[in-house]
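Undergrad: Fold the following and give me the result.
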Amino acid sequence: MATRMYDEVHWYMEEVGARVVAKTGIPSDRHHLGKLMLHSLQDDPDFILQIDGATGESETFGSALDRSIRCAISLTNMGLKKGDVMVLMGPNHLDFCIPHNAAFYLGIMVASVDTTLGVNELRDLFHMNRPNIIFGQSEKMKDIEKALTLSEVEAKLVTFDNDGRHTSLAQLLDVQDKEAIKNFKPTDLDPEETVGYLTSTSGTTGVPKTAMLTHKNLTIGMPYIWVNFSNFPTPTKLVIVTSPAQWLSAGIHYVFSSVFKYTRLQSSAPITPEHFAELVNTYKPTFLATSPNMMVTMMANAKCDFTCFEYVGLGGSAVSQDVIDEVKKKAQTDEVYILYGMSEASGMTVQNDMYSVAGSYGRPIHGIQTKLVDPITNKVITEPNVPGELWYKGPIVFKGYYNNPEVTKEVITEDGWLKSGDIFYRDQYWNLFFVERYKLLLKYRNHQVSPVEIETVIMKHPGVLHAAVTGIPDRECGDLVVACVVPKPGCSPTAQEIKDLVKETLKSTMVKRGNDAVHWYMEEVGARVVAKTGIPSDRHHLGKLILHSLQDDPDFILQIDGATGESETFGSALDRSIRCAVSLTNMGLKQGDVMVLMGPNHIDYCIPHTAGLFLGLKVASIDATLCVNELKQLFETNRPKIIFAQTKKLGDINEALSASKVDAKIVTFDNISIYKTMTELLNDADEASVKKFQPTDFDPSSTIAFLTSTSGTTGIPKTAMITHENLAISLPYIWKTMSKFPSPIKISFVVSPAQWITTGFNYIFSPVLKFTRLQTSKPVTPEHFGDLVNKYRPNYILCNPVLMRTLAEQANCDFTCFEQMSLAGSYVSPELVEKMKKLTQSEDVFIHYGMSELSGTAFVHDCPAPPGSCGRPAGSFDCKLVDPETHKEVTEPHVQGELWFKGPAVFKGYHNNPEVTRETFSDDGWFRCGDIFYRDESWNVYFVERYKSLLKYNNHQVSPLEVEMVIMKHPGVLQVAVTGIPDRECGDLVVACVVPKPGCSLTAQEIKDLVKENLTDTKHLRGGVIFMKSLPITSASKINRQKLKELALTMRRE
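TA: Sure, this is the predicted structure:
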């Protein structure tokens, strides 16, 4: 079973928002629901927006757009303005959404109110909400007028139907001013502060309060409902709305049916089982979100075919696993999920998906920080499996209760945490399990009793349709538990059966991060750029994102060369990069040309790198240690137009250019050269061009940013083509474990060589995310590393595990400055992770698996991952495990297979190498990563081995990594690499190449015996043991498996 791209909905919202911002020039308009809805309705006038199943009427986008604009104009003419309150009371007919949409255009607060409320209840609501206008049915107008009088509120009244006494909606829409209709624009407003909905909440526990939800709350919070979908627009064709119009779950569809482009099937008649069946059989809706109680009733009584539903969401009250299983069986789909949320959190707060553990509600969405708190002591619960109240923090948390500051203070702490009022416990991976509403918990002899727990047991009785548990007061015991049971038709369960069932079944008496913060920040930066340029795709133009960010804070320190002590500010780097870009343009360089960079991580390296991204050049960072033949092969593939390098490398470069018959301009970073120097290049830029400079306009989805050498350990490097859009989408996932933006970290220590793509990540994101890079133009030895750590105290590092193991053993420094550490580039052992956690005194040591071809990281640690796991697939990919021999999909957990990827972060192929590109992609577009993994039930993924590195002994596959892990347990082993030597009869004989720790004396027999004691016969070291002073490694600090195999054939084996 393949995983899906769970962030598809967010990219789509970003795209729609960018198109709106490009028109208006206001960055925050990406969260203006009125403008998002109006833009979307304009996009496809003939698309069916809504159907009233009771009457058979339907309405298109174009019609609803025209009517809602007319309504907005009339409301404005009546004196309604931003911040006023509109009350809507009516069934789900076609007219309900018209004033609803108009209000969002104008910034009016929409309060949808239950039409069944009595006069006194309406009085209380009107007194609290102070409406300026009320839309309702004529039959309800007398109650409304009485309630207004009692509450001493004056409001204009409009009827959806025509009663002859009040202004009707039809009259309101009769706007004769065609110019006003044609030129209508929604009101400009601040979505972060402007309230969209006033939503009644907590009506089950007392008088309803009215939650204030802003436009931004809703645009960030509501899309999480759609994370299980990957096709946008139109994630589903037809949604049946069974909620009353006043429910937030109905409002979600009123907003998003236009934005996501799907049709709403609603009804102005009550949703009885008979009417539900009629609607389902007539229209075949594909999506249903409803309460578990209604679902149980419909399954028992509605005579219809549930298999039309491709997706079912259950929420609003406790959902048992039995109900989920029954719905899956009835609908014949696995797409049945629990939707847990609350009005105060703008919708969903917990994500239930294919990863979720049975019985759990899922894991917290990435839109919030979450913690469990003891509701009595208010202390944070850090252990798993301990019940506590769930608290939230983040941009989806509401702005408080309207005109009710006292109750607002009760539910929102002084430091901004929202108390949910619900009791949960979690497992070690933050799967959440619902216990009960805190206020509904009963107490029997000082023991807490959960009504939901008992209800779940009673519902297992085959004769029970519904069950609700409450308590009656007892002076001695507290609450005596009472079960209220509704039998299924034709069934007669006895009280004793229910009591016995409960008696037999029950006995007698850390903070999770908000992981989407980086995406919201990137969206904000992108929106500010788009607002300036008017080009929606510029949100993925790395050059424009970097330029905008460098302009934002000229005095911020961008980079430090630890070898020289030099540093440079945003302002200086911006000026030099622009000058470089101007001079490159004057030299004839243009979009699509190739720029080669060769040098150490000095202060100058990033200047042409950034200039290249401004202009749409393909930036190819190349290992400065390559010899002439290797350079010749790269130049033949990349065909550079310009090369930046150190003077000492010019001889090899010229020889390679001549051999490859490539003509390229040369610029030297240092000043001792017969060629143009970097200093001269920057001085050549004329001041007028520098002052008016703008990055080149281009399509980020097809414009190559990086040409990155890859797979050098298994043969001649190929050059992966990675676009601006690839990187803009993929790279932020590296930062998903952080929640503060900008400046999620202070100083990132760059220990990778300049040609590594991980260094490129830092060059791009240090200005965009606003942190300082600590790099060095000298080789990173343990001594030099120790000096820099002790001097600058960097708090983040992304490092290869081979280098990190050496640094941990030999660098004399205090690792506790590192608040977070990412290990990537080759296999990372659980032992190394635990060692670095101990050295850093931080739990934030993560395994990052990625590839150049995936534009960065492939997995994320959004929740604590099991030891040894690389995490779960990032939201930027579909992925599946495939048998590398048969190409059949591996659908079971704990079965090994090659991982295949699809999605917008997958590279565009190998530069000038269509044959290898075709070999790497399947016929239907899946990228074959070449690595073997397995997964657990929750799609935590575990690395096994490079497929091409596997050995075969007598037709049995042998993983070098597995053998290496065993040998590394020997206390005298510093490093080990396993390879094979060919044998005509057996295939590969396994050989271990071992580097002993200093001062340790090892024997080959010790190593052989260790393997023999721990692994099966086919994995024993029949090829022997080779002792080495060091392992052969590539310039990327990976073990050079090809060189290792050659050495194994010639060196002495014991």
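Undergrad: Going by C-alpha atoms from here, please, whenever you check contacts or count neighbours.
TA: OK.
Undergrad: how about the helices in the stretch 101-250 of the chain?
TA: 119-129, 141-151, 169-172, 178-182, 215-221, 248-259 (DSSP state H, counting those that start in this stretch).
Undergrad: Just the CA atoms of the third one, as CSV, please.
TA: Backbone C-alpha positions of helix 169-172 (Å, rounded to 0.1, in the frame of the first residue of the first chain) are rendered in CSV as follows:
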residue,chain,number,x,y,z
LEU,A,169,-33.5,38.1,-0.2
ALA,A,170,-34.9,38.4,-3.8
GLN,A,171,-35.5,42.1,-3.2
LEU,A,172,-32.0,42.5,-1.7
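Undergrad: neighbouring contacts of it?
TA: For helix 169-172, contacts defined as Cα atoms under 8 Å, 6 or more residues apart in numbering pick out Arg70, Cys71, Ser74, Val158, Thr159, Phe160, Asp161, Asn162.
Undergrad: now the residues you listed: which count as buried?
TA: When the contacts of helix 169-172 are checked for burial by 16 or more other Cα atoms under 10 Å, the buried set is Arg70, Cys71, Ser74, Val158, Thr159, Phe160, Asp161.
Undergrad: now, among these, which is nearest to Leu501?
TA: Phe160 (51.5 Å; Cα to Cα).
Undergrad: My read is that the closest one contacts Lys140, right?
TA: No - the pair Phe160 / Lys140 is not scored as a contact, 10.9 Å apart, by Cα atoms under 8 Å.
Undergrad: if we can go back for a sec, out of the buried ones among the contacts of helix 169-172, name the ones that lie in strands.
TA: Val158, Thr159 (DSSP state E).
Undergrad: Tabulate the buried ones among the contacts of helix 169-172 (TSV), appending distance to Leu117 and pLDDT.
TA: Converted to TSV, these look like this (distance: Cα to Cα, whole Å; pLDDT from 0 to 100):
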residue	distance to Leu117	pLDDT
Arg70	30	98
Cys71	26	98
Ser74	28	98
Val158	18	98
Thr159	17	98
Phe160	18	97
Asp161	19	95
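Undergrad: Next, show the common contact partners of Phe160 and Lys140.
TA: With Cα under 8 Å, 6+ apart, Phe160 and Lys140 have no common neighbours.
Undergrad: quick one, helices of the stretch 501-650 of the chain?
TA: Secondary structure of the stretch 501-650 of the chain (DSSP H, counting those that start in this stretch): helices at 517-533, 542-552, 570-586, 606-615, 628-638, 650-660.
Undergrad: Check the stretch 951-1054 of the chain too.
TA: For the stretch 951-1054 of the chain, helices defined by DSSP H, counting those that start in this stretch occupy the ranges 960-967, 1004-1014, 1041-1050.
Undergrad: so can I have CSV of those showing distance to Asn352 and mean neighbour count?
TA: Shown next, in CSV, are these (distance: least, Cα to Cα, whole Å; neighbours: other Cα atoms under 10 Å):
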stretch, distance to Asn352, mean neighbour count
helix 960-967, 35, 20
helix 1004-1014, 40, 15
helix 1041-1050, 42, 16
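Undergrad: Ok, which of those comes nearest Val259?
TA: Smallest distance to Val259 across these (Cα to Cα): 49.0 Å, for helix 960-967.
Undergrad: and the closest one, what does it pack onto?
TA: strand 941-946, strand 973-983, helix 1004-1014 (3 or more Cα pairs under 8 Å, 6 or more residues apart in numbering; DSSP states H and E).
Undergrad: Would you mind pulling the contact partners of the first one?
TA: When contacts are defined by Cα under 8 Å, 6+ apart, strand 941-946 is touched by residues 827, 868-873, 896, 930-935, 959-962.
Undergrad: Can you give me the domain assignment for this structure?
TA: Annotated domains of the chain cover 441-485, 517-860, 950-1054 [automatic domain parsing].
Undergrad: Determine which stretch of the ones you listed is the most buried.
TA: Comparing the domains of the chain by mean neighbour count (mean count of other Cα atoms under 10 Å), domain 517-860 ranks first with a mean of 20.
Undergrad: quick one: that domain to chain centroid distance?
TA: Domain 517-860 sits 24 Å away from the centroid of its parent chain (Cα atoms, centre = their mean, to the nearest Å).
Undergrad: How far does that domain stretch from one end to the other?
TA: Its start and end residues considered, domain 517-860 measures 14 Å (Cα to Cα, to the nearest Å).
Undergrad: what kind of secondary structure is Asn762 in?
TA: helix (DSSP: H, G, I helix; E, B strand; the rest coil).
Undergrad: can you pull the contacts of it?
TA: By Cα under 8 Å, 6+ apart, the contact set of Asn762 is Val750, Arg773.
Undergrad: Please report how far it lies from Ser243.
TA: Look at Asn762 and Ser243: by Cα to Cα, they are 48 Å apart.
Undergrad: and what of Pro640?
TA: With Cα to Cα as the criterion, Pro640 and Ser243 are 62 Å apart.
Undergrad: before we move on, what about Val486?
TA: In this view, Val486 and Ser243 are 23 Å apart by Cα to Cα.
Undergrad: quick one: which of those two has more around it?
TA: Using other Cα atoms under 10 Å as the criterion, Val486 and Ser243 rank with Ser243 on top: 21 against 15.
Undergrad: can you pull the pLDDT of the residue found closest to the more buried one once you drop the neighbours it is linked to in the chain?
TA: Nearest non-adjacent residue to Ser243, counting by Cα to Cα, 6 or more residues apart in numbering: Ala250, 5.7 Å away. Per-residue pLDDT puts Ala250 at 93.
Undergrad: Ala250 contacts Ile240, doesn't it?
TA: No - with contact defined as Cα under 8 Å, Ala250 does not reach Ile240; the gap is 9.9 Å.
Undergrad: The two: which is more packed in?
TA: With neighbours defined as other Cα under 10 Å, Ala250 and Ile240 compare such that Ile240 has more, 27 against 20.
Undergrad: For that one, name its beta-bridge partners.
TA: When bridges are called by DSSP bridges, Ile240 pairs up with Leu265, Leu288.
Undergrad: Could you pull up the residues touching it?
TA: Neighbour list for Ile240: Arg264, Leu265, Gln266, Pro285, Thr286, Phe287, Leu288, Ala289 [criterion: Cα under 8 Å, 6+ apart].
Undergrad: Of the contacts of strand 941-946, grab the buried ones for ChimeraX.
TA: A single ChimeraX command selects the buried members of those (16+ other Cα under 10 Å):
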select :827,868,869,870,871,872,873,896,930,931,932,933,934,935,959,960,961
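Undergrad: Mind checking which of the contacts of strand 941-946 land in strands?
TA: Counting by DSSP E, the part of the contacts of strand 941-946 found in strands is Arg872, Pro873, Gly930, Asp931, Ile932, Phe933, Tyr934, Arg935.
Undergrad: check contacts around the second one.
TA: Okay, so that is Pro873. Per Cα under 8 Å, 6+ apart, neighbours of Pro873: Thr3, Ala858, Phe859, Val860, Cys879, Trp939, Asn940, Val941.
Undergrad: Now render those residues as a markdown table, adding distance to Val113, secondary structure and pLDDT.
TA: Below are the contacts of Pro873 laid out as a markdown table (distance: Cα to Cα, whole Å; DSSP: H, G, I helix; E, B strand; the rest coil; pLDDT from 0 to 100):
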| residue | distance to Val113 | secondary structure | pLDDT |
| --- | --- | --- | --- |
| Thr3 | 40 | strand | 59 |
| Ala858 | 46 | coil | 89 |
| Phe859 | 44 | strand | 89 |
| Val860 | 42 | strand | 87 |
| Cys879 | 44 | strand | 91 |
| Trp939 | 43 | coil | 86 |
| Asn940 | 44 | coil | 89 |
| Val941 | 47 | strand | 91 |
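Undergrad: With respect to Asn726, which of these is nearest?
TA: Taking Cα to Cα as the measure, Asn726 lies nearest Ala858 of the contacts of Pro873, at 12.4 Å.
Undergrad: In this structure the closest one contacts Ser852, no?
TA: No - counting by Cα under 8 Å, Ala858 does not reach Ser852; the two are 10.2 Å apart.
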